[in-house]
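*Asks:* What follows is a predicted structure for the sequence shown.
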Amino acid sequence: MKNTKLSFAAAIALILTGFNLLVPSTASAQTALYKSCEEDKLKAPLTLQAATVATQAATASATAEATTSATTASSTSTGDDIVFLSIVASESQACYAASETFLAGNFLGLRTGFNGAVGITQTISGDIALDRTNVANSQIGDITINISEFKSDNDRRDGFLRQDWLQSNKYPFATLTGATAIGLPTDAVQDGQALQFKIKSTLTVHDRKRDTTFDATGSFTNGTLVIRATTDLNMSDFGIQVPNIGGLLKADDAMRLIVNLVARPSEGTATPAK
């Protein structure tokens, strides 16, 4: 959503590649809302260099400025059909996808060689104001994610992340603030219409802030907004110690962040980020 303010997306999520945005009438059909993070398990290490990240950030910034100018010239009024939505944590996900390499006899008891790891948390909060007559005028409040609750398929890995590497026991929250959506239309959104766009925002993790751009897709169907967003980043850019234990376990610096958000009508209003 253009010129939006985001309260972690996502989106969060937010979000990014091949997925299904069908919205069921009940939460029990959650799996039909989006592609679960579990399907994002890496099959090979990500390759993400600092220079590439810098280039992407510069390009996104230039595109955002150009798009903002164009939108200001073509449409400056807010529509009269505003829908206030709140993220439904029980139906949403925030996840990491990373890769690891293990030697035989590693202390986690995992198989030797390459391994893809996915950690998921559903403790997510935030509000969105959707302008149905001019989608580009929609706003999203700050999104807060409790990353201390990341759960993977290995309890020992989760414990090391919380205590030593991600240190989420000390820095339990990740936030997405000051988001601007790039590429959303200035006309009305159609029920069930899937929109592809980018979200540029400030991501705070491990008490470090970085401008981050997400690839996103969103759909508003029968009163339910679904956003899926993803971005690739380096752990070291956020001051996170890249896991490496004497060669027995070694993780790649590059990782993928995925945000799958489901939001439904609320009584409040989305508060623009400062």
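*Replies:* Done, it's in.

*Asks:* If you tally nearby residues, what's the number for the nearest residue to Leu203 once chain neighbours are set aside?
*Replies:* The shortest distance from Leu203 to any non-neighbouring residue, by C-beta to C-beta, 6 or more residues apart in numbering, is to Thr212 (4.0 Å). (Each C-beta comes from the backbone N, C-alpha and C, glycine too.) Per other C-beta atoms under 10 Å, the neighbour tally for Thr212 reads 25.

*Asks:* Buried residues, the longest strand along the chain. List them.
*Replies:* Once the chain is assigned using DSSP state E, the strand that runs over the most residues is strand 208-221. By neighbour count on 16 or more other C-beta atoms under 10 Å, the buried set for strand 208-221 is 212-221.

*Asks:* Also stretch 118-137?
*Replies:* Residues 118-132, 134-137 are the ones in stretch 118-137 that count as buried (16+ other C-beta under 10 Å).

*Asks:* Helices along the stretch 151-274 of the chain, start to end?
*Replies:* 155-160 (DSSP state H, counting those that start in this stretch).

*Asks:* Now do the strands in it.
*Replies:* Using DSSP state E, counting those that start in this stretch, the strands of the stretch 151-274 of the chain run over residues 173-182, 194-205, 208-221, 224-234, 244-245, 249-251, 254-265.

*Asks:* Within its sheet, name the partner strands of the fifth one and how each one runs.
*Replies:* Right, the one you point to is strand 244-245. When pairing is defined by DSSP bridges, strand 244-245 lines up against strand 249-251 (antiparallel).

*Asks:* What of the longest one?
*Replies:* Strand 208-221 has the following sheet partners, assigned by DSSP bridges: strand 194-205 (antiparallel), strand 224-234 (antiparallel).

*Asks:* give me the low-pLDDT residue ranges for this protein?
*Replies:* Low-confidence segments of the chain (pLDDT under 70): 1-32, 48-80, 104-110, 247, 267-274.

*Asks:* could you redo the last one with a cut-off of 80?
*Replies:* 1-32, 47-80, 103-112, 245-249, 267-274 (pLDDT under 80).

*Asks:* Give me the nearest residue to Ile120, chain neighbours excluded.
*Replies:* Cys95 (4.7 Å).

*Asks:* Touching, that neighbour and Thr121? I think so.
*Replies:* Yes. Under the criterion of C-beta atoms under 8 Å, Cys95 is in contact with Thr121, at a separation of 7.4 Å.

*Asks:* could you check the angle strand 254-265 makes with the longest strand of the chain?
*Replies:* Angle, strand 208-221 to strand 254-265, by axes from the mean of the first three to the mean of the last three C-alpha atoms, to 10 degrees: 50 degrees.
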